[in-house]
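Chemist: Let's see this in three dimensions:
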Amino acid sequence: MTHANPARSAEPAGRSAPEPGISYLAARLQRASRKAIAERVKPFGLTTLQYTTLTILLHHRNGLSNAQLARRSFMTPQAMNEVLAALEQRGLVVRNAHPNHRRVFPTTLTPEGQRVVEACDAEVEALEREMLAELTPHQIRSMRNGLMAAIRALGAGFPQRD
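Modeler: Below is the predicted model:
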């Protein structure tokens, strides 16, 4: 794997800079996109972690427990509990006791939570359009497929579809 030194500004004559590593580029993109998403959801009173939690509930599965949400968000259960407490206080989610497990509290979106996350989704979709504006549809599809394959290779989700 080739590693580039991002701090190096000039290369000796006759040598070209090595290509930056994919993991370095992915990390840069993650930091930049996280910052941009934070700016887009802040007017709605959300943090990036709160927005992520709401999107999981809306787009993937409503009614997940604290532990399930924490795993899907790459957070500790303690940190997720703080996120959920803030969302619950704002009336964006509700946690009710599970009928068969006294220590499990499935989380569901409220109508207000759904409205807020859908408004944030529109902002984040606009951000993605801006970010990918110079790519062709084929390049976007290739990028998405490559990223998903890399995530799968590390065992971090996106099971192979048949």
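Chemist: Show me where this structure has its helices.
Modeler: In the chain, the segments counted as helices under DSSP state H are 22-41, 48-55, 66-73, 77-89, 111-131, 137-153.
Chemist: Which residue would you name as the spatial centre of the chain?
Modeler: Compute the mean C-alpha point of the chain, and by CA atoms, centre = their mean the closest residue is residue 52, 5.7 Å away.
Chemist: Return the residues in contact with that one.
Modeler: residue 73 (CB atoms under 8 Å, 6 or more residues apart in numbering). Every C-beta, even on glycine, is put in place using the N, C-alpha and C of the backbone.
Chemist: Okay, now the unreliable bits of the chain?
Modeler: By pLDDT under 70, the low-scoring segments of the chain are 1-14, 97-104, 158-162.
Chemist: one step back: a markdown table for the helices of the chain, including distance to residue 15?
Modeler: Listed next are the helices of the chain as a markdown table, based on distance: least, CB to CB, whole Å:
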| stretch | distance to residue 15 |
| --- | --- |
| helix 22-41 | 19 |
| helix 48-55 | 39 |
| helix 66-73 | 43 |
| helix 77-89 | 45 |
| helix 111-131 | 31 |
| helix 137-153 | 28 |
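Chemist: Identify, out of those helices, the most deeply packed stretch.
Modeler: helix 48-55 (a mean of 22; mean count of other CB atoms under 10 Å).
Chemist: okay, stretch 26-34 in PDB with CA atoms only?
Modeler: Coordinates of each C-alpha in stretch 26-34 appear next as PDB, following Å, rounded to 0.1, in the frame of the first residue of the first chain:
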ATOM      1  CA  ALA A  26     -11.400   7.800   2.700                       C
ATOM      2  CA  ALA A  27     -10.500   9.300   6.000                       C
ATOM      3  CA  ARG A  28     -10.200  12.800   4.400                       C
ATOM      4  CA  LEU A  29     -13.600  12.400   2.700                       C
ATOM      5  CA  GLN A  30     -15.100  11.100   6.000                       C
ATOM      6  CA  ARG A  31     -13.800  14.100   8.000                       C
ATOM      7  CA  ALA A  32     -14.900  16.600   5.300                       C
ATOM      8  CA  SER A  33     -18.300  15.100   4.700                       C
ATOM      9  CA  ARG A  34     -18.900  14.800   8.500                       C
END
